[in-house]
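# A predicted structure for the sequence below; I have some questions about it.
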Protein chains: 2
Amino acid sequence: MTGEPRIGDVFGELLRDALAVATGIGPRPLAGGRLPRPVIEIIERDDGLINGAPAAHYLDGPEDWQPHDHRAVDRVHGATLDVGVGGGRIALLLQERGVPVTGLDTSAGALQVCRRRGVRDLVHATVDEHAASGRQYDTFLLLGNNLGLMEGRERAPAFLAALAALARPGAQVIAHGTDPYGTRDPVHTTYHEHNRRRGRLGGQLRLRLRYRELGTPWFDYLVCSPEELAELVHGSPWKLVDVDNHDAPYYLATLKLTG
Amino acid sequence: MTGEPRIGDVFGELLRDALAVATGIGPRPLAGGRLPRPVIEIIERDDGLINGAPAAHYLDGPEDWQPHDHRAVDRVHGATLDVGVGGGRIALLLQERGVPVTGLDTSAGALQVCRRRGVRDLVHATVDEHAASGRQYDTFLLLGNNLGLMEGRERAPAFLAALAALARPGAQVIAHGTDPYGTRDPVHTTYHEHNRRRGRLGGQLRLRLRYRELGTPWFDYLVCSPEELAELVHGSPWKLVDVDNHDAPYYLATLKLTG
């Protein structure tokens, strides 16, 4: 045995169990078949770093959100695509406010959780796949650190082009990012250096998620500074028009469709 | 990069951070250098199963213990060796009750945490190493599932002999175990079957612990039924005299020194 996980819908299984714990409905994870076990998302980085984080926050109501999440939803206007809808916490609030919102995710299990929680318009696709649909939006949300979906220098142009293909004139992107370079922790600074030496952005993380017997393939997830973001956006159909860093190192970047 | 951890004192680092979170003293783990991050112990099994569990319970006061922990400490008499003293929660209560207790652990960091919390008599060793000390005890505690330290058929005789070498006449072992065979979860039943096919006990887990950049080597940890325990004890200097399974699948096994 190698200790390697089976590839599967990690995020969907995780959210399904988190929902069962939160609602008391359905089979819940138990230790020894007896004691409730909190649902923990495990994130591995390719240098051997590993972190566990309770998954319950994916289902948090607005009263438990970070302040930047509130500021993000207050910037929404028009038809909105919630990219990486996850457990649906953002989409549910927008629906309540009467905003036409579509939840997009690549996790079938996450979409099931969204549906059970009442999110009405859901699409199982990447942004590239969804770009072929002909649907059009005024606002794109990349919350919960989902600026990371830009991955790095190679992926960013195609990702931004796919969003532009889905965009109405005047459309905006509201993206939540984290500036990774404030730390002096050698675990992170060494990783950033190693990344740069191999031609990647410092905070271009190579990660996989794990939950119980399941793992995702390794994937890139970008944690970048606002300056790096400006460079990635440069030459795309989008323009970086605002960076709200009141909760630094977290920030909200607003992109506007040009032309 | 391979995703492999660096070998280190996982348990000690984990407990040190858990103590910092619990007391508010010393550097605490933060997400993005800003938001408090709970300390999560990550346990990998060699079939790819992974679980995260909050580490705070290692520091729990008696009011938060499981009932079997209370019943275990009520059985203590005489000089006591707490095998795998961990964060010292059991040793601290025994000290308060005036029981002469020695905390034994292979984690230097765990012993530092115990010292800071007020545990007075601490030894950094395996039971085999400590057996050479000439110290003698009336009670050996293997709590927090530490019956697992018997590992399996190969290790159990030497482990039980080392405890016997440290034992006064009439000594007892109070061990907390978990019967793993009540589950129908195929993730576990398949693992048990695979273990038996390679000549191991079904619940002879091959594990490693991980915390941040650190990992332990892979090690065996035994989860067995009371019947399997009886077989392992048979022929040793100990006799299985009681199994308290009021909190099944957890149980407290009491062994008595023979002769």
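Everything's here; your move. Note that the structure is a prediction, hence the values are computed from the model and not measured. Residues are numbered from 1 along each chain as shown, chains lettered A, B, ... in the order given.
# if I read this right, residue A:31 contacts residue A:37, doesn't it?
Yes - between residue A:31 and residue A:37 there is a contact under C-beta atoms under 8 Å: 4.7 Å. In this view, the C-beta of every residue, glycine as well, is placed from N, C-alpha and C.
# which neighbours do the two share?
residue B:53 (C-beta atoms under 8 Å, 6 or more residues apart in numbering or on different chains).
# ok, for residue A:67, nearest residue in space, not its chain neighbours?
Spatial nearest neighbour of residue A:67, excluding adjacent residues (C-beta to C-beta, 6 or more residues apart in numbering or on different chains): residue A:247 at 5.9 Å.
# Could you check how many residues crowd around the one you found?
Neighbours of residue A:247 under the rule other C-beta atoms under 10 Å in any protein chain shown: 18.
# got a pLDDT number for it?
pLDDT, residue A:247: 94.
# can you tell me which residues contact it?
So residue A:247 contacts A:66, A:67, A:68, B:34 (C-beta under 8 Å, 6+ apart).
# does residue A:113 really touch residue A:89, like I thought?
No - taking contacts as C-beta under 8 Å, residue A:113 lies outside contact range of residue A:89: 10.5 Å.
# Just want to know which of those two has more residues nearby.
Taking neighbours as other C-beta under 10 Å, residue A:113 and residue A:89 compare with residue A:113 leading, 26 against 23.
# Look at the closest residue to the more buried one other than its chain neighbours and say how many residues are nearby.
The shortest distance from residue A:113 to any non-neighbouring residue, by C-beta to C-beta, 6+ apart, is to residue A:15 (4.5 Å). Using other C-beta under 10 Å, residue A:15 has 29 neighbouring residues.
# Quick check: residue A:15 vs residue B:42, distance?
20 Å (C-beta to C-beta, to the nearest Å).
# name the element residue A:229 belongs to?
Assigned by DSSP states H and E, residue A:229 belongs to helix A:226-233.
# Now do residue A:148 against chain B, distance only.
In this view, residue A:148 and chain B are 13 Å apart by C-beta to the nearest C-beta, to the nearest Å.
# so what pLDDT did that residue get?
Residue A:148 is assigned 98 on the pLDDT scale.
# and it, helix, strand or coil?
helix (DSSP: H, G, I helix; E, B strand; the rest coil).
# so whichever residue of the stretch 51-200 of chain A sits closest to chain B bridges to which residues?
With C-beta to the nearest C-beta, the shortest gap between the stretch 51-200 of chain A and chain B falls at residue A:52, namely 3.2 Å. Note on residue A:52: beta-bridge partners by DSSP bridges are residue A:42.
# show me the contacts for it.
So residue A:52 contacts A:40, A:41, A:42, A:43, B:40, B:41, B:42, B:52 (C-beta under 8 Å, 6+ apart).
# closest to residue B:138 among the residues you listed?
residue B:41 (31.4 Å; C-beta to C-beta).
# what about that closest one, how many residues close to it?
22.
# now do residue A:168
12.
# ok, now residue A:93?
Residues near residue A:93, counting by other C-beta under 10 Å: 18.
# On the three-state scheme, it is what?
With three-state DSSP as the basis, residue A:93 sits in helix.
# Likewise for residue A:14?
helix.
# Which strand residues bridge the residue lying closest to it once chain neighbours are set aside?
Distances taken as C-beta to C-beta, 6+ apart place residue A:211 nearest to residue A:14, at 4.5 Å, with adjacent residues excluded. The partner list for residue A:211 in beta bridges (DSSP bridges) reads residue A:214.
# I'd say the residue nearest to residue A:113 and residue A:56 touch.
No - assessed by C-beta under 8 Å, residue A:15 is found out of contact with residue A:56, at 10.3 Å.
# could you point out the longest strand in chain A?
Of all the segments of type strand in chain A, defined by DSSP state E, the longest one is strand A:167-178.
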